[in-house]
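[1] Return atomic coordinates for the entry below.
(chains A, B and C)
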Amino acid sequence: MTGSRGLLPQEFYARETLAVARDLLGKLVHRDGVVLRITEVEAYRWPDDTANHCRHGRTARNAPMWGTAGRAYVYLCYGLHNMLNVVTDQEGRGAAVLVRSCEPIEGLQTIRARRGDREGPELLTGPGKVGAALALDRGWSGHALFEPGGLELHDAPPVTGWLAGPRVGVQFASPQHVAAPWRLALPETRWVSQRRHLRPVTRPSCAPTR
DNA sequence: TCTACGATCTTT
DNA sequence: AAGATCGTAGAT
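    Predicted coordinates:
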């Protein structure tokens, strides 16, 4: 049912961040009976991205972002939301992709139980909801997503066509980076937040930020 | 140590 | 438009 093609190899992640973000759409997150299909992501690139958590250098929190690609970076936002990121690019470069929205494929009952509802919206639109559906906390930060066990990322058929637009909640960044179209989503899905700010693109612009 | 604030989400 | 809720970063 999930059409699982197995774990994504570490090389998948060790590429330019916007390319990884683009290719993560449609892939599958597995975690203890729950399977989610990634429908919306944001790229936090390196260097020259003033919205990036690594913009001030290395800290205890962002340490996984500087390491090898393919690990999780999980952090607590606004004191309540655990945000799932996938570390990208080369070691020594602080870059990652934030998973913003997912379509639930399996384990809806488990997702509801984790959220504490019996029913209610199944929409996993917004990174806080994704983290809750996967029952993530900061203990998962640094976890290898390319190895079996716990939290895994699996391959799935490639998608065609994307929506692109500005990232959410980064008003503190420089105007150039506030406007940069580094949020990507699948066009055909309902699992996308703030769709009105997204526009169809034939291919996300991958101009490097060297 | 101290303090301001955030890659959010829900409710009013 | 604002409240919940707390770890973190940068300043002191």
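
[2] which parts of chain A sit against DNA strand C?
    By the rule CB under 7 Å from any atom of the strand, the part of chain A lying against DNA strand C is A:53, A:55-57, A:59-62, A:75-76, A:78-80, A:138. Just so you know, the C-beta spots here come from the backbone N, C-alpha and C atoms, and that holds for glycine as well.

[3] among those, which are in strands?
    A:75, A:76 (DSSP state E).

[4] Just the buried ones from the residues of chain A next to DNA strand C?
    A:53, A:55, A:62, A:75 (16 or more other CB atoms under 10 Å).

[5] what's the farthest-apart pair in these?
    Greatest spatial distance among those (CB to CB): A:55 and A:75, at 14.3 Å.

[6] Distance from stretch A:74-87 to the middle of the chain?
    Relative to its chain's centre, stretch A:74-87 lies at 10 Å (CA atoms, centre = their mean, to the nearest Å).

[7] now do stretch A:43-63
    15 Å.

[8] How many neighbouring residues does the closest residue to residue A:148 other than its chain neighbours have?
    Excluding the flanking residues, the one nearest residue A:148 by CB to CB, 6 or more residues apart in numbering is residue A:7, at 6.8 Å. Per other CB atoms under 10 Å, the neighbour tally for residue A:7 reads 18.

[9] Repeat that for residue A:183.
    As a measure of burial, residue A:183 has 25 neighbours, counting by other CB under 10 Å.
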